[in-house]
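A.B. asks: below are the sequence and a predicted model; questions follow.
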Amino acid sequence: MRLKKDETIRGKQIGEPLLRVEGLHKKYPGTRSGRSALVLFDGLNFEIGRGELIAIVGQSGSGKSTLLHMLGALDAPTAGTIYCATTQVTKLSAKEAARFRNDHVGYVWQFHYLLPEFTAQENVAMPLLARGIDRRKAMQEAAAWLDEVGLASRAEHRPGELSGGEQQRVALARALVTKPQLLLADEPTGDLDNTSADLVFALLERLHEAHGLTSVLVTHNLELARRCTRTLRLAGGRLEVVSHTEA
Ligand SMILES: Nc1ncnc2c1ncn2[C@@H]1O[C@H](COP(=O)(O)OP(=O)(O)OP(=O)(O)O)[C@@H](O)[C@H]1O
């Protein structure tokens, strides 16, 4: 699954790879108490080009979330290497990995994990405040992002006063406020009804294009996967490209 130079996929020209995965293995050893060993990945090799919006699909338990966590330096493989541009992600110390995540990766999860006692604007500002950015500036940036996700009028609302779709839109703004190059999304629409899921996915697509992101999305929703540049399916420890007619 190597990208050719200047490869065009579904009418979109893909730049050089942003992510390069080589010989990735993940194994959970068995335990004395009787838990059997689990080989999750058995030598994955693939590349994701800059600007791609990739869907990862596969049955429950096939390892989609684990793979996403590894791409974002939240989990380590048993063997193999992952490069993000020139950074060998799999070689980073815990401190370096935290820095890498902070500087380069935005995450969105199935559940928004917004802090309930803070307003939408404060939640979006949080990653900037954690970086030590001046509160006024952080709140200004957060306001601009809330505007971009269509929620300027909800800046003062707490998460509990927003709908599920709105909460995910705030979570997207929070993921992108630090201007990452890589967006990792784990079932971002999995907890939403069809209409809200469609709205959140359309927003994700728009932000992906507007901000030149490379995005990897774990989803069970094959309709949404069809709208991505490529769909990769995890099955039996291997990763295969799914043709969109098949998906
Ligand atoms: N720390 C661990 N120790 C042992 N097994 C684990 C551990 N973490 C995850 N697993 C197992 O690895 C497998 C893959 O988990 P993962 O969450 O990546 O799957 P998934 O494809 O995202 O599933 P789903 O679609 O249900 O969210 C599961 O069978 C899970 O039980």
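C.D. replies: Cool, got the structure.

A.B. asks: from Val108, how far out is the most centrally placed residue in the chain?
C.D. replies: In the chain, the centroid-proximal residue (Cα atoms, centre = their mean) is Leu184; its distance is 0.8 Å. Leu184 sits 8 Å away from Val108 when distances are taken as Cβ to Cβ, to the nearest Å. (Each C-beta comes from the backbone N, C-alpha and C, glycine too.)

A.B. asks: swap in Gly237?
C.D. replies: As defined by Cβ to Cβ, Gly237 lies at a distance of 26 Å from Val108.

A.B. asks: so between those two, which is more surrounded?
C.D. replies: A direct count of neighbours by other Cβ atoms under 10 Å for Gly237 and Val108 places Val108 higher, at 23 against 17.

A.B. asks: who are the contact partners of that one?
C.D. replies: If you count contacts by Cβ atoms under 8 Å, 6 or more residues apart in numbering, Val108 has them with Gln168, Ala171, Leu172, Ala175, Leu183, Leu184, Ala185, Asp186, Pro188, Leu204.

A.B. asks: please repeat the previous calculation with a cut-off of 7 Å.
C.D. replies: Counting by Cβ atoms under 7 Å, 6 or more residues apart in numbering, Val108 touches Ala171, Leu172, Ala175, Ala185, Pro188.

A.B. asks: do Gln181 as well
C.D. replies: Remark: with contacts taken as Cβ under 7 Å, 6+ apart, Gln181 is in contact with Leu18, His104, Leu213, Thr214.

A.B. asks: how many residues are close by the third one?
C.D. replies: This points to Leu213. The number of residues packed near Leu213 is 22, by other Cβ under 10 Å.

A.B. asks: nearest spatial neighbour of it, chain-adjacent residues omitted?
C.D. replies: Counting by Cβ to Cβ, 6 or more residues apart in numbering, Leu183 is the residue found nearest to Leu213 once chain neighbours are left out, at 4.9 Å.

A.B. asks: the residue lying closest to Cys84 once chain neighbours are set aside in helix, strand or coil?
C.D. replies: Ranked by Cβ to Cβ, 6+ apart and with sequence neighbours excluded, the top spatial neighbour of Cys84 is Leu19, at 5.7 Å. Recorded secondary structure, Leu19: strand (DSSP: H, G, I helix; E, B strand; the rest coil).

A.B. asks: what of Tyr107?
C.D. replies: Secondary structure for Tyr107, judged by three-state DSSP, is strand.

A.B. asks: which residues touch it?
C.D. replies: Contact analysis of Tyr107 by Cβ under 7 Å, 6+ apart lists Gly72, Ala175, Leu184.

A.B. asks: likewise for Ala73?
C.D. replies: The neighbourhood of Ala73, defined by Cβ under 7 Å, 6+ apart, consists of Val89, Leu92, Ala97, Phe100, Arg101.
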